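**Student:** How does the following fold in three dimensions:
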Amino acid sequence: MCGRYHVDEETAKEIEKIIQLTEENVRKRASINFQMQARDLHPTEIAPVLTASGSGLECSMKRWGLPGFQGKQVIFNARSESVLDKKTFQEGVAYRRIVIPAAWFYEWNRYKEKNIFYRKGKPVLFMAGIYNHYEDGDRFTILTTQANASMKPIHDRMPLVLEESELIPWIFDRRKAGELLQKVPCLLERKAEYEQLRLF
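**Tutor:** Now for the predicted structure:
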């Protein structure tokens, strides 16, 4: 699961770098026209995401969380293993794939302890997502998959984390995107703000 993640100035710099690299392929340059303050992002908030543009990638702001069923809550995660089978997600997977950059994300264990997961040696991790159009604007959801060895001690699900080399294929190549839905994400580093001492 991924119900909260963090962005900061390094996230913005990494987004700009990625966009410029893709734009250079067609002899163009791009820049991000916003400054990102360090903060945690929660479902229903507006967040920066990477989407397709005519010449590469662009950064746009979209609301986190698809409308919930019968108007209840929001759908902020979707299982990558079943998105192709569910009508709510099929169009997004087919035509509106995005990447959600984050400095790190949070997960809580069964003791309600907060854990931070991040990429060692990298300022940003990239989570796969999809979005849809609604009357009140575009909304996205983060795709999750089965937890790998680095996440299993805390939770049985984790975001579908992409490598930098997979961003363009995920967004632009529908066949390759189908393959990436089944990938096992890289191992992540973990740190806990506080871990209780327990007697076993």
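**Student:** switch to C-alpha atoms for all contacts and neighbour counts from now on
**Tutor:** OK.
**Student:** Can you list the low-confidence ranges for the chain?
**Tutor:** The model of the chain has pLDDT under 70 over residues 1, 21-36, 55, 71, 193-200.
**Student:** before we move on, which element is the spatially most central residue of the chain in?
**Tutor:** Nearest to the geometric centre of the chain sits M127, at 2.8 Å (CA atoms, centre = their mean). Taking DSSP states H and E as the criterion, M127 maps to strand 125-134.
**Student:** Could you give me the buried positions within that strand?
**Tutor:** Within strand 125-134, the residues that qualify as buried are L125, F126, M127, A128, G129, I130, Y131, N132, counting by 16 or more other CA atoms under 10 Å.
**Student:** hmm, who's touching stretch 107-120?
**Tutor:** 1-4, 103-106, 124-125, 154-155, 187-195 (CA atoms under 8 Å, 6 or more residues apart in numbering).
**Student:** Output the strand holding M127 as CSV, nothing but the C-alphas.
**Tutor:** Extracted in CSV, the C-alpha atoms of strand 125-134 (Å, rounded to 0.1, in the frame of the first residue of the first chain):
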residue,chain,number,x,y,z
LEU,A,125,12.0,6.8,-6.6
PHE,A,126,9.5,6.5,-9.4
MET,A,127,6.1,4.9,-8.8
ALA,A,128,3.9,3.7,-11.7
GLY,A,129,0.3,5.1,-11.9
ILE,A,130,-2.6,5.8,-14.1
TYR,A,131,-5.1,8.6,-14.3
ASN,A,132,-8.6,9.4,-15.6
HIS,A,133,-10.5,12.5,-16.6
TYR,A,134,-13.4,13.7,-14.3
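**Student:** ok, it: who's next to it in the sheet?
**Tutor:** If you go by DSSP bridges, strand 125-134 pairs up with strand 97-102 (antiparallel), strand 137-146 (antiparallel), strand 161-162 (antiparallel).
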